[in-house]
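Peer 1: build the 3D model from these lines:
(chains A and B)
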Amino acid sequence: MSALHTPLYDWHVARGARMTEFGGWEMPVVYTSVVAEHQAVRTGAGLFDISHMGRLSFAGDEAQALIDRVFTNDVAGMKDFQARYGLICNDRGGVQDDVLVYRWPYGWAMVVNAANRTKIVGVLEAERGTRKVQIMDQTTLTGMLALQGPKAIEMTCGLFDVDPATLKYYHAAATRSRGLQCVVSRTGYTGEDGVEVMIGGAHVAALADEFVSRGAVSCGLGARDTLRLEAGMPLYGHELTEEIDPLQAGLGWAVQLDKESFIGRDALLRRRDESARPRRVGLVLEGTRSAREGCRILLDGKAVGKVTSGAPAPTVGKPVAMAYVEPQAAAAGTKVAIDVRGKAESAKVVPLPFYKRPRPPVH
Amino acid sequence: MDPKTLRYAATHEWAARDGDTVTVGITKFAVEQLTDVTHVELPTVGRPVTAGQPFGEVESVKSVNDLYSPVTGEIIAVNDALATDPSLVTNDPLTGGWMIKIKLKPGTTLDHLMTLDAYDKQIALEGH
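Peer 2: Numbers count the residues shown, from 1 in each chain, chains lettered A, B, ... in the order given. This is a model prediction of the structure:
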C-alpha cells in the first residue's frame, strides 16, 4: 500500500521539505535544519503538520462506557472541553497505543498515533459489542496542525473565535477560524506551550500559511523527535510497545488502577509487583557521540538494558537517550557505559525530562 | 578546493590529489542530506585504509553514517579541528571541513572515482 498524503503534502514539497514515510503517511522530516527548527520551537514558534495522527470521534449514549473500557486513565471525572492523556493496553498490560481523549458536551474524541489507527479502530469495534456508540474515523476528512513554542499563543491572536490564551492547559474549544469550524486545544508534544488545531482538510493550507506569515517556522518530524525526546515524552514503537507496560514506562500517573475495569487492568495489577522488570530512564552522555536505538547499556561490564531513543539534544547541548534498564541501574546518578557501535561511551542516569520550559502557562 | 578538480565516490566523499597525497572530505550534497553535523569520528594517523572501506563516521541529529575511503593507502594526517567544531563540515565541507590525508599506496590511482559531471548526474538521480 502506498503512503497516504496529508492535506499539506503539496505545501511541504513546495517548501523544499525532505519527505519520508512515517506511520503509513508521507511526511516532512526536515525543511532546512533539524537544529534550527528545534531552536525555533524553543525560542519562538514552530508549525507542525500532524494530520497523520488518527482523529476519531464518538457519539451515542454509551460512548463514555466504551472509552472507559479501553482507556487506562480516568474518564468519568473529565469535565467538558477537557483533554486527557492515557494508554490503551492489551490484556497482558502491554501498550497498544498512547492517546489523547477529549470530552465534549455532545460526545467524545480521541487522537491516536498514525501507525496504530487501524489497530485502535479494531480494538474499539471489538469492544463496542452491543453498546450504543457510533465511532467515526475523521482522519482523512480533516487536517491537524500543531503550533508550538513560547510565542505560539500570541501568534494565534484574533484567529479563533475562542482566544486560545483563555484555554487552560489540556483544555480544548470547538470554535471557528474565519467562519470555519475547528477544534483548538492547548496541547502538544514538544515540551513547550502551544496549540493543536483540527480543521477541515480543505482549509489546512490556508491556516498553515497564516501561521507562517505570523512568523512560525515550519518544522519536520526530525525536530518533533528531538523536542519530544528532550521533554522526556515517550514515542510509540520506541519507549512504548505491546510488550512494555505503562508502569515500567513511568506513566503510572496516566493509569487509574482503582477504575472498575479496563483492558489490561488485571495484568497491570500483577505486573506492578514484579519489581525486577526494566524501567524507563533518561541518560546523558559525556562525549559527543550519540547512543541510538538498540545500543546496549552496561553496568560494571554487564548488559543491563537497551536504548530506545537517542540523539544529540540541541537545547541540552549534549547527546541524550531514553532507555529501559534493570532496576539496579535505574537510580538517578548511576554511571553506565553504552556500547555505541563497538565503542563504550560513558553516560549517567538522570531524571526525566531532560528539558523543562522556563515558565509553564498560566492556569 | 575547486569542485571541478576533485574526484568523487558514489558514497559522497571527495578526494583531492597532490602528488601521492590525497585529501578526503564529504561533499556539499552529503552535508545537505545530513543537515546538522554533530560529531565526526576519525581514525588515527598511521592506520591503513582501503578504497571502499569505512574509515570513520559522521553523525547528525538524525543519523550516523559511515565514511568510506575513496582510495587505498595510509593515513598521514587527520583534521583534529573537527573534534571540537564539527560544524566546519557543515559550513565548509570542501576546505575547512576536510577529514583525512592519505598517502596513496604505490600503484593505485583515483581512476575509479567520478568526475564532477558524473557525480552531479548521480546526485540528480538520488532526488533533488
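Peer 1: okay, and residue A:41 sits in which element?
Peer 2: helix A:34-43 (DSSP states H and E).
Peer 1: taking the centroid of chain B, which residue is nearest it?
Peer 2: By C-alpha atoms, centre = their mean, chain B has its centre lying nearest to residue B:25, at 2.7 Å.
Peer 1: thinking again about what came up before, ok, then the element right after the helix holding residue A:41?
Peer 2: Next element after helix A:34-43 (DSSP H and E): strand A:46-49.
Peer 1: quick one: contacts of that next one?
Peer 2: Residues outside strand A:46-49 that contact it (C-beta atoms under 8 Å, 6 or more residues apart in numbering or on different chains): A:6, A:8, A:11-12, A:27-28, A:37, A:40, A:143-149, A:190, A:204, A:208, A:211-212, A:216-220, A:223-224. For the C-beta atoms, the positions are set from N, CA and C on the backbone; glycine is no exception.
Peer 1: buried members of these into PyMOL, please.
Peer 2: Applied in PyMOL, the following selects the buried portion of the contacts of strand A:46-49 according to 16 or more other C-beta atoms under 10 Å in any protein chain shown:
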select buried, chain A and resi 6+8+11+12+27+28+37+40+143+144+145+146+147+148+149+190+204+208+211+216+217+218+219+220+223+224
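Peer 1: from the contacts of strand A:46-49, which land in strands?
Peer 2: Taking DSSP state E, the ones among those that sit in strands are A:27, A:28, A:143, A:144, A:145, A:146, A:147, A:148, A:217, A:218.
Peer 1: how far out from the middle of the chain is the longest helix anywhere in chain B?
Peer 2: With residue count as the measure and DSSP state H as the assignment, chain B has helix B:116-125 as its longest helix. From the chain centre to the centre of helix B:116-125 is a distance of 16 Å (C-alpha atoms, centre = their mean, to the nearest Å).
Peer 1: same question for stretch B:93-105.
Peer 2: Relative to its parent chain, stretch B:93-105 has a centroid offset of 7 Å by C-alpha atoms, centre = their mean.
Peer 1: got it, and stretch A:165-178?
Peer 2: In terms of C-alpha atoms, centre = their mean, the centre of stretch A:165-178 is found 19 Å from the chain centre.
Peer 1: what lies in contact with that stretch?
Peer 2: A:81-85, A:102, A:104, A:153-154, A:156-157, A:159-162, A:164, A:181-187, A:193, A:195, A:197, A:199, A:203, A:207, A:360-361, A:363.
Peer 1: select only the buried ones of these in PyMOL?
Peer 2: Buried residues among the contacts of stretch A:165-178 (16+ other C-beta under 10 Å), as a PyMOL selection:
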select buried, chain A and resi 81+82+83+84+85+102+104+153+156+159+160+162+164+182+183+184+185+186+187+193+195+197+199+203+207
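Peer 1: give me the residues contacting the helix or strand residue A:197 falls within.
Peer 2: Per DSSP H and E, residue A:197 falls inside strand A:194-200. Applying C-beta under 8 Å, 6+ apart, the contact partners of strand A:194-200 are A:45, A:50, A:55, A:141-149, A:152-153, A:156, A:164, A:167, A:177, A:180-188, A:207.
Peer 1: low-scoring pLDDT stretches of the chain, where are they?
Peer 2: Defaulting to chain A. Counting by pLDDT under 70, chain A shows low-confidence ranges at A:1, A:360-363.
Peer 1: could you do chain B instead?
Peer 2: Scanning chain B for pLDDT under 70 picks out B:127-128.
Peer 1: please identify the buried residues of the lengthiest helix in chain A?
Peer 2: Ranked by residue count under DSSP H, the longest helix found in chain A is helix A:117-128. The neighbour-count criterion (16+ other C-beta under 10 Å) identifies A:117, A:119, A:120, A:121, A:123, A:124, A:127, A:128 as the buried residues of helix A:117-128.
Peer 1: spell out which parts of chain B neighbour chain A.
Peer 2: By C-beta under 8 Å from any C-beta of the partner chain, the residues of chain B that approach chain A are B:35, B:36, B:38, B:39, B:41, B:57, B:59, B:60, B:61, B:62, B:64, B:86.
Peer 1: so the fourth one, which state does it fall into?
Peer 2: Secondary structure for residue B:39, judged by DSSP: H, G, I helix; E, B strand; the rest coil, is strand.
Peer 1: what about the strands in the stretch 201-350 of chain A?
Peer 2: Along the stretch 201-350 of chain A, counting by DSSP state E, counting those that start in this stretch, strands occupy A:217-218, A:279-285, A:296-299, A:302-313, A:318-325, A:335-340, A:343-350.
Peer 1: in the stretch 101-250 of chain A, which spans are helices?
Peer 2: In the stretch 101-250 of chain A, the segments counted as helices under DSSP state H, counting those that start in this stretch are A:117-128, A:152-155, A:204-213, A:221-230.
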